[in-house]
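1. Generate coordinates for the sequence data below:
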Amino acid sequence: MFSRPRANVSVAEYAQRLRDEREQKRSSLDDRHRYFFDIIATRIGKLRSEVEDNILESPNFNLMDQFLIADGNQYLVFFYQEPEIENMQSDLDTYRPRHSSYSSRSGESGTKKITTKVIIANPNEQPLRGIFLSFIRNSKALMITEQNIAAEVCFYTFECNTGSLLEALSRSISDVYVPYLQTTAMNWGPNKDPMVKIKFIGHLNNFIDTLNSADESIKEKILLAPSQNIDLKRIKTAADYVSVASSSEYLSYIEEIMKKWIYQLEAVLAESEQIRREADDIGPRAELNYWKRRMTKFNFLLDQIKAHEVKAVLTILQTAKSKLIQTWRTLDGKITDAANEAKDNVRYLYTLEKFYEPLYNSDPVAMLEYIPGLINAVRMIHSISQYYNTSERMTSLFIK
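-> Prediction:
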């Protein structure tokens, strides 16, 4: 990794050090590394020399060698995007309060964008905002050599420039892999049973639905409004709570943010109580996906309600004996009930999955085998579910 310049090192000396480190890495390259560079350069439309220079500056340069050795990493990932560089402002300036010890921090500068580059990425630590480029090994046991690299290493890529990661992955599978698998005549096992292919593609389509549902859940999540005038993270001790509750100025800030949260929760609950409008031809997967999205939305709200910021506001309002507390508690209870209802319905609908999944891939004759089990599972849900215990809701489920 390239080190940062110290105060006693001139810019010229630091630049020379970077050049020396880059050339030292370049001397260790062979045709295996250049194989990666050529493919990446072709994919993004850049010169190989430019790609090579970018990668030599990457802090994760050692991941390339860990991918090539026997029993090494299974995959090697590159991102082509504009990396963000944190502004190196001193902690004193960054965290200096504007008015008092409880005021929100001001003067924090944003991030700087630099030229789009290829980097060796660690997906566990770095977010993807551009083009994903990955090399995957067929076997970890073999060392990757110049002779076997073309046969042992596969290349995979997708773009995440205009949408989310889940959306890009879903689009890649549905637009490329599913059509290919549907038309290919490859061998699907020693028995050559056509149902193996049908079931696999069915599972793949189910996975696509899961990706789309997860993406929608993320887009639909509700973020409680942040406090603009007071830094809630700094309010920690009992003395802090009493001090803020005793100040008419700070108490007005706290009540203002609580009113915003109450409005948000009321809007979420009102939306959740609206009648669903659905197409007539959707299946049971749609019902499961609906409740999974709903569970994610309310659980995300509950996680925020349990956070320090919300607890701090509640404690201050309780200390000040605010009338907003009772309204909040009522809404908190409704959100909790909605989250529990969604969780229960997801659990119940998952018990139906093994019965309704074959219906997506079977002809009418083959379906008969699964109907009795499906009916029994639906009957069980009707008897124990607090939601699916009316004729109207059971009819809707049966139609799906």
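2. next one: phi and psi at the spatially closest residue to residue 339 that is not a sequence neighbour?
-> Nearest residue to residue 339, sequence neighbours excluded (CB to CB, 6 or more residues apart in numbering): residue 298, at 3.7 Å. (C-beta placed from N, C-alpha, C; glycine too.) Backbone torsions for residue 298, taken as degrees, to the nearest 10, come to phi -70, psi -30.
3. what's the neighbour count on residue 298?
-> 24 (other CB atoms under 10 Å).
4. And residue 131, by the same measure?
-> 20.
5. In contact with it, which residues?
-> Residues counted as contacts of residue 131 (CB atoms under 8 Å, 6 or more residues apart in numbering) are 43-44, 79-81, 157-161.
6. Tell me what it is bridged to.
-> Beta-bridge partners recorded for residue 131 (DSSP bridges): residue 80, residue 159.
7. Tell me the confidence at it?
-> Listed pLDDT for residue 131 reads 91.
8. before we move on, which element is residue 154 in?
-> If you go by DSSP states H and E, residue 154 is part of strand 153-159.
9. nope, residue 278 is what I meant
-> Using DSSP H and E, no element contains residue 278; it sits outside every helix and strand.
10. Now it. Nearest residue, chain neighbours left out?
-> Nearest non-adjacent residue to residue 278 (CB to CB, 6+ apart): residue 286, at 6.9 Å.
11. what's the burial count for that neighbour?
-> 15.
12. The one 3 residues further on too?
-> The tally of other residues near residue 289 (other CB under 10 Å) stands at 20.
13. quick one: contacts for it?
-> Per CB under 8 Å, 6+ apart, neighbours of residue 289: 209-210, 212-213.
14. Next step: those restricted to helices.
-> 209-210, 212-213 (DSSP state H).
15. for the stretch 151-300 of the chain, what are the low-confidence residue spans?
-> 186-187, 189, 191, 280-281 (pLDDT under 70).
16. mind listing what's buried in the helix or strand residue 269 falls within?
-> With elements taken from DSSP H and E, the one containing residue 269 is helix 248-272. The neighbour-count check on helix 248-272 (16 or more other CB atoms under 10 Å) flags 250-251, 253-255, 257-258, 261, 264-265, 268 as buried.
17. Can you name the residues bridging to residue 120?
-> Beta-bridge partners, per DSSP bridges, of residue 120: residue 78.
18. just the contacts of residue 289 now: which is nearest residue 48?
-> residue 212 (36.9 Å; CB to CB).
19. Need the residues that contact the strand holding residue 154.
-> 35, 39, 43, 130-138, 144, 168-169, 171-172.
20. Recalculate using a threshold of 6 Å.
-> Residues from elsewhere that reach strand 153-159 (CB atoms under 6 Å, 6 or more residues apart in numbering): 39, 43, 131-137, 168, 172.
21. out of those, which are inside helices?
-> 39, 43, 168, 172.
22. Mind pulling up the pLDDT for the first one?
-> Taken from the predicted model, the pLDDT recorded for residue 39 is 95.
23. Bridged to the nearest residue to it once chain neighbours are set aside, which residues?
-> Setting aside the residues directly before and after it, residue 39 is nearest to residue 155 in space (CB to CB, 6+ apart), at 5.6 Å. Note on residue 155: beta-bridge partners by DSSP bridges are residue 135.
24. all numbers from here: first residue = 649
-> With 649 as the first residue, the last one maps to residue 803.
25. tally of neighbours for residue 803?
-> There are 14 residues near residue 803, going by other CB under 10 Å.
26. and the gap between it and residue 782?
-> Noted for residue 803: a distance of 7 Å to residue 782, by CB to CB, to the nearest Å.
27. same check, this time on residue 976
-> The value you get for residue 976 to residue 782, if CB to CB is used, is 47 Å.
28. So these two - more neighbours on which side?
-> Each of residue 976 and residue 782 has its neighbours counted (other CB under 10 Å); residue 976 has more, 20 against 16.
29. Check for me that that one belongs to a helix.
-> Yes - the assignment for residue 976 by DSSP: H, G, I helix; E, B strand; the rest coil puts it in a helix.
30. quick revisit: among the contacts of residue 779, which ones are buried?
-> For the contacts of residue 779, buried by 16+ other CB under 10 Å: 691-692, 727-729, 805-806, 808.
31. possible to save those as JSON lines with distance to residue 1005?
-> Listed next are these as JSON lines, based on distance: CB to CB, whole Å:
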{"residue": "691", "distance to residue 1005": "37"}
{"residue": "692", "distance to residue 1005": "40"}
{"residue": "727", "distance to residue 1005": "36"}
{"residue": "728", "distance to residue 1005": "38"}
{"residue": "729", "distance to residue 1005": "38"}
{"residue": "805", "distance to residue 1005": "31"}
{"residue": "806", "distance to residue 1005": "27"}
{"residue": "808", "distance to residue 1005": "30"}
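32. Identify the residues contacting the helix holding residue 917?
-> So helix 896-920 is contacted by 870, 872-873, 875, 877-878, 892, 961, 964, 968, 972, 975, 979, 982 (CB under 6 Å, 6+ apart).
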